[in-house]
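A.B. asks: quick one, what's the 3D model for this:
(chains A, B and C)
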Amino acid sequence: MLNLRRLLAGLALLGATGATAVAQPQPVRIGLIEPQTGPVAFDGTSVIRGARLAAEEINKAGGVLGRPLELVIADGACRPADSVAAAERLITAEKVSVLMGAFCSGATQAVMPIAERNRLPLVTGVSSLPTLTEAGNRWFFRNAETDAMIAAAFAHGLVEQTKAKTVAFLAVNDDWGRGTVASFRGVFDKMNVTTSVSEFFDHSASDFYTPLTRLRSARPDLIIVVAETQAAATLVKQARELRIPSRIFGVGAWTTPTFLNLVGPAANGLLAGVAYTAAAPGDRNAAFVRDFRAMHNEDPGKYSASGYTTMNIIAQAIQRAGSTDAAAIQAALEQTDFTGPTGNLRFDNKHQIYGLQLYVVEIGNGRAEVRGTATLERND
Amino acid sequence: MLLSDFLQFALNGLVTGCFYALTALGLSLVFGLMNIVNFAHGALFVLGGMLASVATERLGLPLWAAIPAVLAIMWGLGVVIEAGLLARMRDAHILPVTLVTIGLSVFLVNTMLMLFGTEPKNVKTGLEGAPIFLGDVIISQSRILAIGVSVVAIIATWLLISHTRAGRAMRAVFQQPEAAALAGIPIARIHSFTFALGTTLAGLAGILLGAVFVVDPSRAEPAAVKAFVVIILGGIGSLPGAVLGGLLLGLAESLWGGFVSTGYMDAVGFVLVIAILLFRPSGLLGAPASRVG
Amino acid sequence: MTENRIVLLLLALAAVLPAFVGDQYVMHLLIMTFFYAMLSTSLNLIVGYVGELSLGHAAFLGLGAYTSAVLSTEAGLPFWLCLPAAGIVAGTAALAVGAITLRLEGHFFVLISLAFAEVLRYVVMNSVELLRGPLGYPNIPAPSLSFGGTVLADFASKAHFYYLGLALLAATLYAAWRFARSSFGLGALAVRENRRLARAVGIDPFRHALVAFVAGGVLAGIAGSFYAHYLTFVGPEVLGFSFTLSALMMVVIGGRGTLLGPLLGAAVVGITLELLRSVNEARLSIFGILLVLAVMFLPDGLVSLRWRRRPEPAEESPTEALDSPLRS
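C.D. replies: Alright, predicted model coming up:
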């Protein structure tokens, strides 16, 4: 009897392994539209790195719906035309279940109608133009702070802490830079803080002595800089060379290892408002930083964290939906409740994330230290 | 506006002007003498900076050793590109030749993205020390180095072209190709020499870019476009013109950005180009160029 | 088979193709191919027939796209009015730019054309109040075609855009063909082939070049309008150098100065870039190599495989106009 039972069990086991070997579960495909070439290629690649880590972890834990996740990555180059082409391909030829992207707000705006037309969820982890979630596109979700939210979260505290009476802005001349400056100015104007100078520079600019010299003689109490890694690193170094005494507050990926490494000791004393920093407190972040280091051999920055959490949000939604049916995933995304390295994340009725932790960090001795936190509140 | 501000703007403009001049110098040689619209110039410029970054940051070479090593590689690359691609198209129409350099540029930029990654990079100079004060005007040590190296390179190029046999042969080949051939000048070698020189100058400018700012492959296209602007300003094929055009553009951008608005800073060059060409189509120092016939 | 017949055959094939291709992505690729074919055909009028290397062509494309974007989103005009307006605005700009620059010697024309396009891009980038600067125009409405209150086509499906694109491409090709056969086209060719001789028989090189330049500008503006309504978003990148480069690539790879060339170029470049997607990161590196090889081995483009042009000397004379002053 005993032998027979063992034999039966053995047969069952054999059958089970045989079945998995024969019918490999079809992977669930997620399409990523991120810039891998062009001026923001570096930041786009960071998003992909975060997403890869998330996918690997999820697959190690058994995938979603018992199927592995597969990332299909397409270069959108931050340009509308390329991003649209990428979206069309991912949807039709690659048969992805969910789209993630497309980094720059302009590119995302061009992809949004395609997601709507094809009835496929589109989740961005980066695009920060406030009006994106005002368009009433129910297939679109944003796991990122908007320009206005950063300003709302930081502007008051900044003025109170630094006792600034005058501020100056230096920002990259794109939708993000323009939008962030406008939002900060809105708050400052109400607080009777004077804006002495606001200057915009090109994506490809490398010499900032000219606008910085203007700032030097304007002598604002506080300088707010909106820039990506490349420009921010050069700009801060040059501000130090010019001995500008004003406090600098940066918006962008200002705590990444690449940034700190490029700027070196000149970074000491900088303030930055970020939606993520590797130095953020909490066990979940510590685990994320450890795993990210193990995979990519560097600390994660804002964009990597956003890639990581966005991928997790998507995966959990598919799991909750119980199928890869787009409408079911869309409904499940609305129920998102994900706690990860960036806080406890949920979407409001306009599909804007809330619960995201925002940090004010100060850089000292080449390391970022958290000086203050704020939580993105529900606002709809 | 304070006087010290004006002086600071002027000095800033001279520093960027030196960069523009050095970048444009190589392009002007190739454009003016070989009649090649070299769109790969920007990519070669970035490549110089990337190689220097690898040499100083990863291999730990000091800058004085890294510069000649990188320049030697760039020279070799210039010879290879000329022999492999351009020499075979010497009699072709300007369009296909332009397209070949565009293809080369696409290849170089994206291969650099693959090999070196997307991160912006520094060239280590060892000059992290305090900036220097001239009254209220400030200049960093790495900028002084950049100016110094640019000036030396520009003078060396000028001496090479005007005072050596190679330089005389170069001018002869491009002004009177048939006569030069009759006089027994090795035409193929002169073409090779000219393009290699242009490539090396691009590489040197790239090294300095990485030393003062940061370098990454997305700089290639804007750099090439700026260099084209400079050589139009100065006059095509005129080396003093390229230098003058570079300095003028640097100064104009800096003063415009300083006193008016930085938003339009990068448009200043193009506006200058349009203005100069309307009133003096040959550029500042070029030969008259209204169309014959 | 003559070149014209091949073009007609290709257009006829394209007209029946949607019956066999249901794939939305392939349809999208074909629609973008039509767009690029229009753009490169318009550039070909300048590059191929006049023999001038224009690096500022994206300016006309961008002007068309912005005209359509502003008129349809701000003024609420329908596509059918935006489209001709885009052509008129771009054509007027071409007239102004051409009148100034076409008198200049080749080298200078090359770069000043680029300068005009870049200045325009910076103006748009910095006009936040007037032209929304880098924010661009989203949600540009799709065209709709109605007759007596009944909607004939609402352009919700790709097939509608497909046929719109095909029709515009056919119209563009027809315009190019008429131009090439007109006294202006023949005159422009004569100027390209031998400037001095053309002058001697009473052809005014400047006037012929200007007409070609304006025609190219109008067609590029129309292509820009189509782009705006199809992609629904227009930002400063439509004025960027990369569109000029793409069009230039297609003209040269296909064969400049021919009707079929830009068409072939647009298709071949599009297909190659698509096929190379399988190699991922190496995609553009390999594309660069292919581009270099294609141009080196077929400097007169793909059409030269079939229609070998008259002996070489005739092909070379256009360089004369572009020669360095140091050489003459």
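A.B. asks: quick check: residues of the stretch 51-200 of chain C near chain B?
C.D. replies: On the criterion C-beta under 8 Å from any C-beta of the partner chain, chain B has as its neighbours in the stretch 51-200 of chain C the residues C:53, C:100-101, C:103-108, C:110-112, C:114-116, C:118-119, C:122-123, C:125-126, C:195-196, C:199. Bear in mind the C-beta positions are built from the backbone N, C-alpha and C, glycine included.
A.B. asks: try 6 Å
C.D. replies: For the stretch 51-200 of chain C, the residues found near chain B under the criterion C-beta under 6 Å from any C-beta of the partner chain are C:104-105, C:107-108, C:111-112, C:115, C:118-119, C:122, C:126, C:195-196, C:199.
A.B. asks: buried ones among the residues you listed?
C.D. replies: Among those, the ones that count as buried by 16 or more other C-beta atoms under 10 Å in any protein chain shown are C:Leu104, C:Glu105, C:His107, C:Phe108, C:Leu111, C:Ile112, C:Ala115, C:Glu118, C:Val119, C:Tyr122, C:Asn126, C:Arg195.
A.B. asks: do I have it right that the fifth one meets B:Val229?
C.D. replies: No. Proximity of C:Leu111 to B:Val229 does not meet the contact threshold set by C-beta atoms under 6 Å, at 7.4 Å.
A.B. asks: so where's the stretch 51-200 of chain C uncertain?
C.D. replies: When residues are selected by pLDDT under 70, those of the stretch 51-200 of chain C lie in C:105-107.
A.B. asks: where does it get nearest to chain B, which residue?
C.D. replies: Among the residues of the stretch 51-200 of chain C, C:Tyr122 lies closest to chain B, at 3.5 Å counting by C-beta to the nearest C-beta.
A.B. asks: not counting its neighbours along the chain, what's nearest that residue?
C.D. replies: B:Ala267 (3.5 Å; C-beta to C-beta, 6 or more residues apart in numbering or on different chains).
A.B. asks: tally of neighbours for that neighbour?
C.D. replies: Under the neighbour criterion other C-beta atoms under 10 Å in any protein chain shown, B:Ala267 is assigned a count of 21.
A.B. asks: hang on, it packs against C:Val119?
C.D. replies: Yes. Because the distance of 5.4 Å satisfies C-beta under 6 Å, B:Ala267 is recorded as touching C:Val119.
A.B. asks: hang on, the earlier thing: and the residue of the stretch 51-200 of chain C closest to chain B, which of the three is it?
C.D. replies: Here C:Tyr122 is helix, with the state taken from DSSP: H, G, I helix; E, B strand; the rest coil.
A.B. asks: okay, it and C:Ala59: tell me how far apart.
C.D. replies: Taking C-beta to C-beta, to the nearest Å as the measure, C:Tyr122 falls 12 Å from C:Ala59.
A.B. asks: likewise for A:Leu129?
C.D. replies: Per C-beta to C-beta, A:Leu129 is found 26 Å from C:Ala59.
A.B. asks: out of those two, which sits in the more crowded spot?
C.D. replies: Set side by side, A:Leu129 and C:Ala59 show unequal neighbour counts under other C-beta under 10 Å, the larger going to C:Ala59 at 30 against 24.
A.B. asks: element containing that one, please.
C.D. replies: The secondary structure element spanning C:Ala59 is helix C:58-73 (assigned by DSSP states H and E).
A.B. asks: over to C:Phe243?
C.D. replies: Secondary structure assignment for C:Phe243, by DSSP H and E: helix C:241-254.
A.B. asks: what comes up buried for the helix or strand that that helix is followed by?
C.D. replies: Sequence-wise, the next helix or strand beyond helix C:241-254 is helix C:260-275, with elements assigned using DSSP H and E. Using 16+ other C-beta under 10 Å as the test for burial, helix C:260-275 gives C:260-270, C:272-274.
A.B. asks: near chain A at all, helix C:260-275?
C.D. replies: No. Looking at helix C:260-275 against chain A by C-beta under 6 Å from any C-beta, there are no contacts, and the closest approach is 8.2 Å.
A.B. asks: that helix - what's its average pLDDT?
C.D. replies: Mean per-residue pLDDT for helix C:260-275: 90.
A.B. asks: just the angle between that helix and helix C:241-254, please?
C.D. replies: Computed with axes from the mean of the first three to the mean of the last three C-alpha atoms, to 10 degrees, the direction of helix C:260-275 lies at 110 degrees from that of helix C:241-254.
A.B. asks: which strands or helices does helix C:260-275 pack on?
C.D. replies: When contacts are defined as 3 or more C-beta pairs under 6 Å, 6 or more residues apart in numbering or on different chains; DSSP states H and E, helix C:260-275 packs onto helix C:3-16, helix C:24-44, helix C:241-254.
A.B. asks: show the pLDDT at the closest residue to B:Leu204 other than its chain neighbours.
C.D. replies: Residue nearest to B:Leu204 in three dimensions, not counting chain neighbours: B:Ala153, with 5.7 Å by C-beta to C-beta, 6+ apart. Looking at B:Ala153, its pLDDT stands at 94.
A.B. asks: just the one 3 residues further on next, same as before
C.D. replies: The pLDDT attached to B:Ala156 in the predicted structure is 94.
A.B. asks: just C:Glu315 next, same as before
C.D. replies: At C:Glu315, the predicted lDDT confidence score is 40.
A.B. asks: closest to A:Gly273 out of the buried ones among the residues of the stretch 51-200 of chain C next to chain B?
C.D. replies: Within these, proximity to A:Gly273 (C-beta to C-beta) peaks at C:Asn126, which comes in at 25.9 Å.
A.B. asks: spatially nearest residue to the most centrally placed residue in chain A (excluding sequence neighbours)?
C.D. replies: For chain A, the residue nearest the mean C-alpha position is A:Ser306 (3.4 Å; C-alpha atoms, centre = their mean). Taking C-beta to C-beta, 6+ apart, and ignoring the residues beside it in sequence, A:Ser306 has A:Gly125 as its nearest neighbour in space, at 3.7 Å.
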